[in-house]
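Asks: dropping the sequence and predicted coords here.
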Amino acid sequence: MAYSDLSVIKAMHPHLAQASRDYHRWQYNEMILETYQMAKKRKDTKTMERAASSYARYNRIDLEDEQAVPYDLIVVQPFTATDAPSVLGIKPIPNVQEKIQKMIAKYRAETIDIEDVEYEEADLEENVLFGDDETESAKSQLLMKVIYYLCQTN
């Protein structure tokens, strides 16, 4: 029960500050309205005017309410795909394809001394390793054989 209570407290904790703030706003409004009523009983127009202006200023009565944006009037911005670097503010490189071909030729010339080595494809029998009809022990035995084979080749 304590754990469930803690989860409720954790869920409500962020709202405590907002509730406190709302309470103080309500309290301020009540105090101003009470001040106005007392001034009205005494027929003190200056205090009535100050209480009324304080109430209006605090509750921002002079400002227009925010209007919801009519979603049907929102225009979707057109999107056109492009590969032009000028869209990003980058100056395009003149003759870029020629420069690319030169770089490819340069790096191919530098890698002429690389030799291909012989290699042998490993026969892992994947259908046996990953088949659904094999038992776990058969899979582990085959896996041990593969590991043994790899250790012997190195």
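Replies: Received the coordinates, thanks. Worth saying up front: this structure is predicted, and the values here are computed from it rather than measured.

Asks: now the helices for this protein?
Replies: Counting by DSSP state H, one finds helices in the chain at the ranges 2-42, 45-59, 96-110, 126-129, 136-153.

Asks: could you chop this protein up by domain?
Replies: 2-62, 123-154 (automatic domain parsing).

Asks: give me the low-pLDDT residue ranges for the chain?
Replies: Judged against pLDDT under 70, the low-scoring parts of the chain cover residues 15-18, 127-137, 139, 153-154.

Asks: pull the number of nearby residues for the closest residue to residue 32 other than its chain neighbours.
Replies: In this structure, residue 32 finds its nearest non-sequential neighbour in residue 55, 4.6 Å apart by C-beta to C-beta, 6 or more residues apart in numbering. C-beta here means a position set from N, CA and C on the backbone, and glycine is covered the same way. By other C-beta atoms under 10 Å, the residues close to residue 55 number 17.

Asks: and residue 55, how far is that from residue 125?
Replies: In this structure, residue 55 and residue 125 are 85 Å apart, going by C-beta to C-beta, to the nearest Å.

Asks: residues in contact with residue 75?
Replies: Contacts for residue 75 (C-beta atoms under 8 Å, 6 or more residues apart in numbering) come out as none.

Asks: quick check on it: phi, psi?
Replies: Dihedral angles of residue 75 (phi, psi; degrees, to the nearest 10) stand at phi -100, psi 130.

Asks: separation between it and residue 138?
Replies: Distance from residue 75 to residue 138, by C-beta to C-beta: 65 Å.

Asks: ok so, going back, out of the helices of the chain, nearest to residue 65?
Replies: helix 45-59 (11.9 Å; C-beta to C-beta).
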